[in-house]
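**Q** I'd like to go over a predicted model; first the sequence, then the structure.
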Amino acid sequence: MTDTTWHNAHPARLEEQLDDDVVRCHLSPRNCRIRPGQHGFCMVRANHDGHLVSLNYGRSVHATEETIETEAVFHYAPGARILSMGNVGCMLNCDYCHNWKTSQARYIDGKDVYHYTPEQVVDIAKQHGIKVISWTYNDPVVWHEFVVETARLAKQAGIVNLYKSAFFISGEAIEELIPVIDIFSISIKSLDPAYYRKITKGWLEPVLEGTEQVFRAGKHVEVSTLMVTDLSDDEKTAQAMAEFVGGRLSPRVPTHFVRFHPDYKMTDTIRTPIERLEGARRIALDMGLQHVYLGNVYDTDSTTTTCRGCGAVQVTRYGLNAQPVGLTSEGLCSSCGTDAHFTLFTETDRRTTVAQLPGPGFDTASFEWHGDVRAVHVQVRNDSSQAETVYQRRFGDPEIAESWSTIPLRPGESFRFIAAKSTIGEQGVTVAVPHGCTSSLHEVFDRAHFPTVEVGAGSRNADVTPLPVFQPRAR
Ligand code: SF4
């Protein structure tokens, strides 16, 4: 992707023609001015013969089934399966990015890039009964043309579109998203303009204005802030976030304070202390926000939804898993009727389960949760000429009946899904793969992380970046 490979070029929108075949890109507030043969800051939009082109159209990391909680979305179809799509490049360059191997295009490895058409993406979702496509990971902003075209097709097929982004995007581009995107999960890195300039290489106000723009358009909006140890995990950040959400959006907008882990250029530090996250949550609640949660924190009540009216538990969560237990189909408290501000699906999207494998002929692999690694991506491929079924089940929790969840695969199909620790007692996951299929496991470190290295191929380092430590490349 570092080479400007024109055979991948796709006409890009939001172009301004300048003199001497120079173009300006109006997709992000950076408004890069790009000379012929050059690319913009994101490295995936370029000037080819005097025209703005996208170099990553249809180029994606592997489509992956996850849950909606992965995207810091707690008030829309809790527990819903989503199809996560991520690409290459970013309009920011955050010092702690945990997807830096795909967001910073110069580090991308060709083995991690797959090609999809809009029709194929929608087809995968339909085949697997997935009702939400999530545009996520590196950042969907720099995939604009592919996102808009695919989301439009998905919408026509009755599929919901979720946009998980740092939202450093122009107002013009947002107007093109509004007709096709239903849910916006926006990561506001800080409320400090100097922080934005220094740590993200972007700037703050367009992010806030964009968030207001989609909220005013009536979209489902949730916001999150990564609380970086000793940098943005203080009371001031929590207060500023609560002021923004309560003042410029609404106190009912779900707000997430997210635990940071060292990564990319920021490895000489530690994970955010949990008491600081709990303190931030208390501040935001005291300032009047109605739904405040912690992210990347397990074994806490601060991910549970309780009724603001009567205190009844409405949704229980553990990590990336959720269980509605006290909501009506209209999203009201089933005990007292208070509006809990939820949108729910009318039909279940859960996979079918079986008590036992249908017979011999399976290879099994088990993965134990360890340290802060409590989720794994499983990638499977059906190399046979007939339909096959892959199974997965959790083990170790005596309270939970161990049943196998089924994942049907078409001949030749490659599929990837997340298995995330779902109870305190659970110890790991077992995957059963029929002969004729292959599989690989990839450790997930915190939510919305797309791992590129297989288990066994990298070093483990319990509480810091789990796989090969960042080594700056010679330029
Ligand atoms: S998307 Fe942003 S960073 Fe990329 S070329 Fe356009 S203006 Fe520049």
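**A** It's in. Computed from a predicted model, the values in this text were never measured in an experiment. Numbers count the residues shown, from 1 in each chain.
**Q** Where does the stretch 101-250 of the chain get nearest to the ligand, which residue?
**A** Nearest residue of the stretch 101-250 of the chain to the ligand: residue 142, at 5.2 Å (C-beta to the nearest ligand atom). Every C-beta, even on glycine, is put in place using the N, C-alpha and C of the backbone.
**Q** Which of the three states applies to that residue?
**A** helix (DSSP: H, G, I helix; E, B strand; the rest coil).
**Q** got a list of what it touches?
**A** Contacts here follow C-beta atoms under 8 Å, 6 or more residues apart in numbering; on that basis residue 142 touches 27-28, 42, 44-45, 56, 87, 89-91.
**Q** Residue 285 and the ligand, how far apart?
**A** Residue 285 sits 36 Å away from the ligand when distances are taken as C-beta to the nearest ligand atom, to the nearest Å.
**Q** what does this protein put close to the ligand?
**A** When proximity is defined as C-beta under 6 Å from any ligand atom, the chain approaches the ligand at 25, 27-28, 30-32, 40-42, 45, 91, 142.
**Q** Please list only the buried members of these.
**A** Neighbour-count burial (16 or more other C-beta atoms under 10 Å) is assigned, among these, to 25, 27-28, 30, 32, 40-42, 45, 91, 142.
**Q** Now the residue in the stretch 1-150 of the chain positioned nearest to the ligand: closest residue in space that isn't a chain neighbour?
**A** The stretch 1-150 of the chain approaches the ligand most closely through residue 40 (2.2 Å), counting by C-beta to the nearest ligand atom. Nearest residue to residue 40, sequence neighbours excluded (C-beta to C-beta, 6 or more residues apart in numbering): residue 32, at 3.5 Å.
**Q** picking up where we left off before, just the ones in helices from the residues of the chain next to the ligand, please.
**A** Among those, no residue falls in helices (DSSP state H).
**Q** of all the residues you listed, which two lie farthest apart?
**A** Within those, 31 and 142 form the most distant pair, 13.9 Å apart (C-beta to C-beta).
**Q** Could the C-alpha coordinates of the worst-scoring helix or strand of the chain on mean pLDDT be exported in PDB?
**A** Least confident helix or strand of the chain, by mean pLDDT, DSSP states H and E, is helix 100-103 with a mean of 77. What follows is helix 100-103, C-alpha atoms only, in PDB (Å, rounded to 0.1, in the frame of the first residue of the first chain):
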ATOM      1  CA  TRP A 100      -1.600   0.700  13.800                       C
ATOM      2  CA  LYS A 101      -0.700  -2.300  11.600                       C
ATOM      3  CA  THR A 102      -3.700  -1.500   9.400                       C
ATOM      4  CA  SER A 103      -4.400   2.100  10.100                       C
END
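**Q** what's downstream of it, the next helix or strand?
**A** strand 114-115 (DSSP states H and E).
**Q** Give me the contact list for the least confident helix or strand of the chain.
**A** Taking C-beta under 8 Å, 6+ apart as the rule, helix 100-103 contacts 61, 86-90, 92-93, 97, 107-109, 112, 137-139, 263-264, 450, 452, 470.
**Q** Report the buried members of the residues you listed.
**A** 61, 86-90, 92-93, 97, 107-108, 112, 137-139, 263-264, 450, 452, 470.
**Q** Can you give me every residue that contacts the residue nearest to residue 422 when sequence neighbours are not counted?
**A** With C-beta to C-beta, 6+ apart as the criterion, residue 422 has its nearest non-adjacent residue at 4.2 Å, and that residue is residue 321. Counting by C-beta under 8 Å, 6+ apart, residue 321 makes contact with 67, 69, 79, 420, 422.
**Q** and residue 11, what does it touch?
**A** 51-54, 145.
**Q** May I have the beta-bridge partners of it?
**A** Beta-bridge pairing of residue 11, defined through DSSP bridges, involves residue 53.
**Q** Hmm, residue 288 is touching residue 251, no?
**A** Yes. With contacts counted by C-beta atoms under 8 Å, residue 288 reaches residue 251, the gap being 5.1 Å.
**Q** When these two are compared, which one has more neighbours?
**A** A count of neighbours by other C-beta atoms under 10 Å puts residue 251 above the other of residue 288 and residue 251, at 16 against 12.
**Q** quick one: contacts for that one?
**A** Going by C-beta under 8 Å, 6+ apart, residue 251 touches 245, 288-290.
**Q** could you dump those to CSV with pLDDT and secondary structure?
**A** Formatted as CSV, the contacts of residue 251 follow (pLDDT from 0 to 100; DSSP: H, G, I helix; E, B strand; the rest coil):
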residue, pLDDT, secondary structure
245, 98, helix
288, 98, coil
289, 98, coil
290, 97, coil
